[in-house]
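S.K.: Structural data only, the sequence is not supplied:
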Ligand SMILES: [Zn+2]
Ligand SMILES: [Zn+2]
């Protein structure tokens, strides 16, 4: 189980590696391009080469790219849908070029149309993206906190989408804060066992390929997406101990997306907290 964090890729993806190293991360997540703008520049050969040598120097674990917040595969507007498909396709191309594990994206909203209405459209969009960008990179659907009309706050919805897509390059990123907000109690052993049994039944544990490790500012089932530093929230140190001890997470990389102790994003203190929990779990 590797412990990493979201870091800035300002100045090029190669620059992210030293930032991850500096805070003690063993793997990292970056935005392949600006998450709040549609524009994206392809990764140049020069950047990809520098990135590869930095990865080799630091022996960093698997990198994941986070997709744009604008992406909406459940959109009714054909222009928004086309832009979303193109953005994800560009991110998959970047992931392939860097040899990253894949791209994590938000299933976003069905915008009041109802989940059942968007399943076919969503699935055919994902198939198109993956067909247009062959390679090893995964496309990972992120669990959502469940506010408004958001898709993917239940394992059943994610499982339905993944079955409809029918492509083995599709997987899941479990965000600990989002599933907590969606009402899945991952913080105590009994309830966590039931939650992961449900995940296995509806999605399949083999499709759990990355974790966003975030504590929660808000209560179980609140549907509110508010990340807290590890141990300072309602999942708590004991909750993360329980989670990390569960066999489902043993080979899955963890990526922090927490506010930071000094408000400067995922930082070394949070990495150290998770590492301390990991050593308690695995070294007794
Ligand atoms: Zn996300
Ligand atoms: Zn979140």
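M.R.: Yep, it's here. These figures come from a predicted structure and were not determined experimentally. Numbers count the residues shown, from 1 in each chain. Ligands and ions are numbered 1, 2, ... in the order given.
S.K.: and residue 40, how far is that from residue 268?
M.R.: The gap separating residue 40 from residue 268 is 30 Å, by Cβ to Cβ, to the nearest Å. Placement of C-beta: from N, CA and C, glycine included.
S.K.: So between those two, which is more surrounded?
M.R.: residue 40 (18 against 15; other Cβ atoms under 10 Å).
S.K.: Spit out the contact partners of the closest residue to that one other than its chain neighbours.
M.R.: Nearest in space to residue 40, with sequence neighbours left out and distances taken as Cβ to Cβ, 6 or more residues apart in numbering, is residue 33 at 3.6 Å. Residues in contact with residue 33, defined by Cβ atoms under 8 Å, 6 or more residues apart in numbering, are 39, 40, 41, 68, 87, 90, 91, 94.
S.K.: Which of those has the largest number of neighbours?
M.R.: residue 91 (28 neighbours).
S.K.: Can you name the residues that contact it?
M.R.: Contacts of residue 91 by Cβ under 8 Å, 6+ apart are 32, 33, 40, 65, 67, 68, 103, 105.
S.K.: Now do the strands in the stretch 101-250 of the chain.
M.R.: Remark: strands assigned in the stretch 101-250 of the chain by DSSP state E, counting those that start in this stretch are 102-105, 138-142, 170-175, 208-213, 215-216, 227-228.
S.K.: What pairs with the second one, parallel or antiparallel?
M.R.: Pointing back at strand 138-142 there. strand 102-105 (parallel), strand 170-175 (parallel) (DSSP bridges).
S.K.: now swap in the fifth one and tell me
M.R.: Sheet pairing here is set by DSSP bridges, and for strand 215-216 it gives strand 227-228 (antiparallel).
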